[in-house]
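Chemist: Pasting the sequence and the predicted model now:
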Amino acid sequence: MSGFVGANPHKTHITYPFSAEKMARIKALFYSGDWQVHALPGYGPARRANPFETFEAIPAKARYQFMLDNAEYFVRTFIRGPVCRGQIATDVIRDNYWTLFQDPEHDLYITDASYRGQTTPLLAMPGQNDDVGSVLSLWRAYRDKRNEYEALRRDSYADLPPPSWSSLWTGNDNALLSVFRHFDSASVNKGLIGEVPQTMWLFDYPLLERTYYQLAVNFDVFGNVSHQAQTRLYFDLIRNGAEQNFLRLMPADSRDGFLDDWYQNSGKVKLWLDYEAIDNDKPSGLKLDEKDPKRDFANQLLARYGDLNASPDPINRCIGAYCSRPAIDPALRDAEQALSRLTSRPAAGLKVIEQLPEATMLRIETRSGKREVYSLLRNRAHSNVAFMLGEAYRYQPGLDTLTIYPGVLSSYPNFIFNMAAEDVPEFVEDMEHAKDAKRFERIVDRWGVRRTHPQFWLYFHDLSQYIRETTPMEEGVLDMNRYENL
């Protein structure tokens, strides 16, 4: 895709690349094999509910690889699309997590025709029948089908060799994605951004296709409460399925412990009521540190596939003496080094986090007139994210953390701080000592850009200008309706 679309809202400006190379790739995927369509699919509710049956004539490997080639686009259609709008819609996901994909050669749905035939009838999705009085019965029916599928998947994969690094797809830079939730909206970007998250998702083909169809293709923005509720409830199962897929990579004796951490308190009821039991017996093929296997997995993932990462992230994952990007402007090196002191620290020890909104922009100017923009994201911790309502009761504010990363990582900036590069160490020190609202207000008075600031529009529009300069295909109009005055 080429050209500039400046009038599009940033949230819905989700770009898909078109080129001669892309067309050649699509032709190679779909026209290289000898496959036949014996009957055209219908358009009724049953066909809409199960794309695996509707398009079963098209080779599964081609369908999956088509999505993998531009995985960020497909994930973005539901993470940043209209389905992820509003608190009830987004509280099904954690505030930050990484997303990985299963390699097609290790996906049973693609490699085993018998398994594909058994599972396809179980992969139908709810939302086509919007009878309000039938919400619960429809939900239970689709939940039971999904759990039957998960049990079949678990037992079938248990008969295969344990998953290894080759089980992960690493075809291009869409292979590693990071998702951030900003209370009532969400965003996704290439690369592994931020500290090692509490959860990770692993998509295989059936899960990625279902997620796309349930949350993008079949989602009706104007659907009634039944359609919206069924969509939201099934998204809960999608998250759980992605977590279960990831757990197979962890040591068998650690999996129950991870689940207990992800589903604390009321979440244990959901584990018992709605989710299929995990495989906590068959080993992983990965050699991981038994004391902290998830962190060791993340470190090995970065070491093995770092060339696929969008860019290194020493601000949030500082492992040496230098916590700034290697190719950064020297004038910003000390600034990034200082900013790293605010990341990966729980709010219990960094009280200022309690004063911050979801997505704050840091605009840092050098003496030469250049500027860099960083997103300062508040990651809210939860005991679990398994229910539609009552999120406030599941907050764990003392465990909230900050992620700081170059770029504009939200369509809805909540606030802007503007400062000179040489002021950043002092800004960080003040943030570290801001124990209450009064101390934080002094920081806002000095560096904050409130709505009443005489240069408010200059700084706010400069965020879009920054996107145009750094990632022009992503530029769109940022929404200021959630901008706070602090």
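Modeler: Alright, I've got the coordinates. Residues are numbered from 1 along each chain as shown.

Chemist: after the longest strand anywhere in the chain comes which helix or strand?
Modeler: In the chain, assigned by DSSP state E, the strand with the most residues is strand 371-379. Note on strand 371-379: by DSSP states H and E, the next helix or strand toward the C-terminus is strand 401-406.

Chemist: which other residues reach that next one?
Modeler: Outside strand 401-406, the residues that touch it by C-beta atoms under 8 Å, 6 or more residues apart in numbering are 96, 180, 193-195, 311, 313, 315-316, 325, 339-340, 342-347, 350, 353, 356, 362, 372-379, 381. Where you see a C-beta, it was placed from the backbone N, CA and C, and this is true even at glycine.

Chemist: I'd like the mean pLDDT over the helix or strand just after that strand, please.
Modeler: Counting by DSSP H and E, the next helix or strand C-terminal to strand 401-406 is strand 415-420. For strand 415-420, mean pLDDT is 98.

Chemist: and what of stretch 37-55?
Modeler: Computed over stretch 37-55, the average pLDDT equals 89.

Chemist: Endpoints of it, how far apart?
Modeler: 9 Å (C-alpha to C-alpha, to the nearest Å).

Chemist: so how far is it from its chain's centroid?
Modeler: Mean C-alpha position of stretch 37-55 versus that of the full chain (C-alpha atoms, centre = their mean, to the nearest Å) differs by 29 Å.

Chemist: Tell me the buried residues in that stretch?
Modeler: Under the neighbour-count criterion of 16 or more other C-beta atoms under 10 Å, stretch 37-55 has 48-52, 54 buried.

Chemist: now do stretch 387-405
Modeler: When burial is assessed from 16+ other C-beta under 10 Å, stretch 387-405 yields the following buried residues: 387, 391, 394, 399-405.

Chemist: Find the residue at the geometric middle of the protein.
Modeler: Using C-alpha atoms, centre = their mean, the residue of the chain that lies closest to the mean C-alpha position is Val179, 2.3 Å off.

Chemist: Leaving out the residues flanking it, which one is nearest to it?
Modeler: Val188 (4.9 Å; C-beta to C-beta, 6 or more residues apart in numbering).

Chemist: Please report phi then psi for Ile238.
Modeler: Dihedral pair for Ile238: phi -60, psi -50, per degrees, to the nearest 10.

Chemist: which ones are touching it?
Modeler: Per C-beta under 8 Å, 6+ apart, neighbours of Ile238: 207, 210-211, 214-215.

Chemist: quick one, strands of the stretch 251-400 of the chain?
Modeler: Secondary structure of the stretch 251-400 of the chain (DSSP state E, counting those that start in this stretch): strands at 359-365, 371-379.

Chemist: got a pLDDT number for the nearest residue to Gly241 once chain neighbours are set aside?
Modeler: Excluding its sequence neighbours, the residue lying closest to Gly241 (C-beta to C-beta, 6+ apart) is Leu207, at 5.3 Å. The per-residue pLDDT reported for Leu207 equals 98.

Chemist: Could you shift the numbering so residue one becomes 5, and keep it that way?
Modeler: In the new count, where the first residue is 5, that last one comes out as Leu211.

Chemist: correct me, but Leu211 touches Ala246?
Modeler: Yes - contact between Leu211 and Ala246 holds when scored by C-beta atoms under 8 Å: they sit 6.1 Å apart.

Chemist: This protein - how does it break down into domains?
Modeler: 39-309, 327-478 (automatic domain parsing).

Chemist: Nearest to Pro13, out of these?
Modeler: domain 327-478 (7.2 Å; C-beta to C-beta).

Chemist: Now do the contacts for His465.
Modeler: With contacts defined as C-beta under 8 Å, 6+ apart, His465 has no neighbours.

Chemist: What count of nearby residues applies to the nearest residue to Arg252 once chain neighbours are set aside?
Modeler: Nearest residue to Arg252, sequence neighbours excluded (C-beta to C-beta, 6+ apart): Pro167, at 5.4 Å. Using other C-beta atoms under 10 Å, the number of residues around Pro167 comes to 23.

Chemist: hang on, Pro167 packs against Leu112?
Modeler: No - contact criterion C-beta under 8 Å: Pro167 and Leu112 do not qualify, at 11.6 Å.

Chemist: Need the overlap of contacts for the two.
Modeler: By the contact definition C-beta under 8 Å, 6+ apart, Pro167 and Leu112 are jointly contacted by Tyr161.

Chemist: Could you list the low-confidence segments of the stretch 155-304 of the chain?
Modeler: Applying pLDDT under 70 to the stretch 155-304 of the chain flags no residue at all.

Chemist: Tell me if Asn193 really is in a strand.
Modeler: Yes - assessed by DSSP: H, G, I helix; E, B strand; the rest coil, Asn193 belongs to a strand.

Chemist: Tell me how many other residues crowd Ser475.
Modeler: For the record, residue 475 is Thr, not Ser. For Thr475, the neighbour count with other C-beta under 10 Å is 13.

Chemist: tell me the pLDDT at it?
Modeler: Per-residue confidence (pLDDT) for Thr475: 92.

Chemist: again with Asp317
Modeler: On pLDDT, Asp317 comes in at 89.

Chemist: quick one on the thing from earlier: could the domains of the chain go into a markdown table alongside distance to Asn485?
Modeler: Formatted as a markdown table, the domains of the chain follow (distance: least, C-beta to C-beta, whole Å):
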| stretch | distance to Asn485 |
| --- | --- |
| domain 39-309 | 11 |
| domain 327-478 | 7 |
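
Chemist: mind putting the buried residues of stretch 41-59 in a markdown table, secondary structure included?
Modeler: Output for the buried residues of stretch 41-59, formatted as a markdown table (three-state DSSP):
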| residue | secondary structure |
| --- | --- |
| Arg52 | helix |
| Ala53 | helix |
| Asn54 | coil |
| Pro55 | helix |
| Phe56 | helix |
| Thr58 | helix |
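
Chemist: Among the residues you listed, which one sits closest to Ala64?
Modeler: Using C-beta to C-beta, Phe56 is the member of the buried residues of stretch 41-59 that lies nearest Ala64, at 8.2 Å.

Chemist: what residues are up against that closest one?
Modeler: 124, 127, 210, 213.

Chemist: what about it, distance to Ile114?
Modeler: Separation of Phe56 from Ile114 (C-beta to C-beta, to the nearest Å): 12 Å.

Chemist: likewise Ser348?
Modeler: Going from Ser348 to Ile114 by C-beta to C-beta gives 38 Å.

Chemist: next one: Arg98
Modeler: Distance, Arg98 to Ile114, by C-beta to C-beta: 28 Å.

Chemist: swap in His437?
Modeler: 55 Å.

Chemist: CA atoms only: put the longest strand of the chain into PDB for me.
Modeler: The C-alpha coordinates for strand 375-383 follow below in PDB (Å, rounded to 0.1, in the frame of the first residue of the first chain):
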ATOM      1  CA  ARG A 375      12.700  15.300  19.200                       C
ATOM      2  CA  GLU A 376      11.800  11.700  20.100                       C
ATOM      3  CA  VAL A 377       8.400  10.500  21.300                       C
ATOM      4  CA  TYR A 378       8.100   7.700  23.800                       C
ATOM      5  CA  SER A 379       4.900   5.900  25.000                       C
ATOM      6  CA  LEU A 380       4.700   5.400  28.800                       C
ATOM      7  CA  LEU A 381       2.100   2.700  29.300                       C
ATOM      8  CA  ARG A 382       0.500   1.700  32.600                       C
ATOM      9  CA  ASN A 383       0.000  -2.000  32.800                       C
END
